[in-house]
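Visitor: What follows is a predicted protein model with its sequence.
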Amino acid sequence: MREEKISIDDRLTASQFGIKKSHRILKRPEFVFLSKYGNKIQDSNFIILYVPRESIEGSEHSRLGITVSKRVGNAVLRNRLKRLIREYFRLNKKGLTGYWNLNIIAKKTAAALSSQEVFTSLGMLFGKLRR
RNA sequence: UGGUGCGGUCCAAACGAUCGUCGGGUUAAUUUUUAUUAAUCCGGAGGAAAGUCCGAACACCGCAGGGCAGGGUGCUCCAUAACCUGGAGUCACGGCAACGUGAAGGAAAGUGCAACAGAGAGCAGACCGCCCGGCACUCAACUCAGAAUUUAUUCGUCUGGUUGAUUGGAAUGACAACUUGUGAGUUGAGUGCCGGGUAAGGGUGAAACGGUGCGGUAAGAGCGCACCAGUUUCCCGGGUGACCGGGGAAGCUAUGUAAACCCCACCCGGUGCAAGACCAAAUAGGGGAGUGCUUGAGGGCGGCCCGUCCAAGCUCCCGGGUAGGUCGCAAGAGAUGACGGGUAACCGUCAUACAUAAGAUGAAUGAUCGUUGUCCGGUCCGGGGUAACCCGAAUCGGAAACAGAAUUCGGCUUACUGGCCGCACCGACCG
RNA sequence: GUCCCCAUCGUCUAGCCUGGCCCAGGACACCGGCCUUUCACGCCGGCGACAGGGGUUCGAAUCCCCUUGGGGACG
């Protein structure tokens, strides 16, 4: 039930790697919209729901939401996963073609992964998204 | 030197580089304000932040006062804002000991329960056993003819066998003697039944109505006595008190369970920051005012017209309130240090710092790389030792826990890594 | 975050308040046997649980405390 997210808004002018608060998805209605109308790709550790940004309004950045349910683990583990996902998005959002609203959902199996494994897993999913 | 008990304290790997995150200060830009962005500086998780098990602060609702119901607490004194908390003690239990554990008031206020086993389980009980009496049977030993009184009468004189004498036709009858016991009696022992006494012994149970000894008795019993234990009560001494020590008296016994109901004493109104206060979009709906007219939507009064009322619609205003936002929300029952009081928990005084120094809200402290240190294991080298082993160094591999502030404090409980310090106890060896 | 509730065989449950007859009963499932040419049905038998740890009591699934694991309510 309880999920957490981070969004990004990126003007790309000064800092290319930062995540402002406006670059994140924070409101429940937006998450509900994504889960209802978004497209879905996934592997064994993560699910990504996405909607092209152009179809909404003309902002020039992607926005990120993160969902880690309580079933994944305790608070320390959930916070760690969220940080890793945020870190990956921060460093790799430039590689995306176009602008998207994303919701990255961690599955239960993600709890056991090391940071390197999280990055490779997300890298493959971002590769799929690029196509 | 081995084993053990108790307490205190520190860290929660460190440093650097790059890229990032939240809050605050300053400056600049944009901007009516709010705010946004950039630069820079400062600050940014824990001892348990956890579980949410207690207690409070705070907020709203309720409330004259008292009681009932319900819930909580339960040895004493002290500490505290308060406590199911802490400190110092008391008592009980466990441990050789240091020490640990304890919801530890009341069972002679009442009610309930105590399975199974056992004779009997709560003002108990007689199964075996022990003792007394009666009846029956068995065995053994002894006795079987005299006894009573009016001295001469009365009553009694078993069974079988042998012999004798007597009567008679005939003795097996009667009489006498001897003998015998299958009869009778007495005594003793045993067995069974009946009636009674007894709680010392046996056995059951978690628990059996004080323990040991002597006396006592038919056998026994606090029935009596001595000592011990326990109960109630009185006195003396010590202690604020729980309680401890000593002495006397009574009665002769009272089981356990109150984390069973209950009684007694003390405490407790409810809800919880998603409390609560404020600002407030869109949509729908509510209230008020106006309009509803010349081309009269609709309806009521009316047969119709006029008139009048209701009213859709339209315009304006008001209040409640959802999304969302702001506050509550970080300077306090506080922290550190010194001094003083107290055995201690803790308290008092003074000083200092907090640029108001975590303050998030789909929720901030992270990622990557490098260097160094700690611990464990393997290999190898050096030193010490008879040896087990110990110390130092190199190298390879591995490990570094439990866990993330959510209104704030005081506790409790649970999870868990490494190190340091202090005190105490038991054992072995050496001197 | 705050506040509540629950936990018994593989599954669904009874027993708990009022402790003992309970090494815990029932149904379905599973295993074995009988029946049948065989399977199913039926019959007989078996296996199988008190979430964990302490405490109270002579005795605990039941009473008390702690922990663990599930579930729910509140914007």
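Guide: Yes, it's here. Just so you know, these numbers come straight off a predicted model, no measurement behind them.
Visitor: quick one: buried residues of the helix ranked longest in chain A?
Guide: If you go by DSSP state H, chain A has its longest helix at helix A:75-92. The neighbour-count check on helix A:75-92 (16 or more other CB atoms under 10 Å) flags A:78, A:81-82, A:84-90 as buried. (Glycine included, C-beta is placed from N, CA and C.)
Visitor: Let me know the closest of those to A:Lys107.
Guide: For the buried residues of helix A:75-92, the minimum distance to A:Lys107 (CB to CB) is 10.3 Å, reached by A:Leu81.
Visitor: for stretch A:102-112, the distance to its chain's centre please.
Guide: The chain centroid and the centroid of stretch A:102-112 are separated by 10 Å, computed with CA atoms, centre = their mean, to the nearest Å.
Visitor: That stretch: end-to-end distance?
Guide: 23 Å (CA to CA, to the nearest Å).
Visitor: Break down chain A into its strands, ranges please.
Guide: A:39-42, A:46-52, A:63-67, A:100-106 (DSSP state E).
Visitor: closest one to RNA strand B among the ones you listed?
Guide: Closest approach to RNA strand B among the strands of chain A is made by strand A:63-67 (4.1 Å; CB to the nearest atom of the strand).
Visitor: how near is A:Lys21 to RNA strand B?
Guide: The spacing between A:Lys21 and RNA strand B, counted by CB to the nearest atom of the strand, to the nearest Å, is 5 Å.
Visitor: And the pLDDT for that residue?
Guide: Reported pLDDT at A:Lys21 in the predicted model: 74.
Visitor: Check the one 3 residues further on too.
Guide: Predicted confidence (pLDDT) at A:Arg24: the value is 80.
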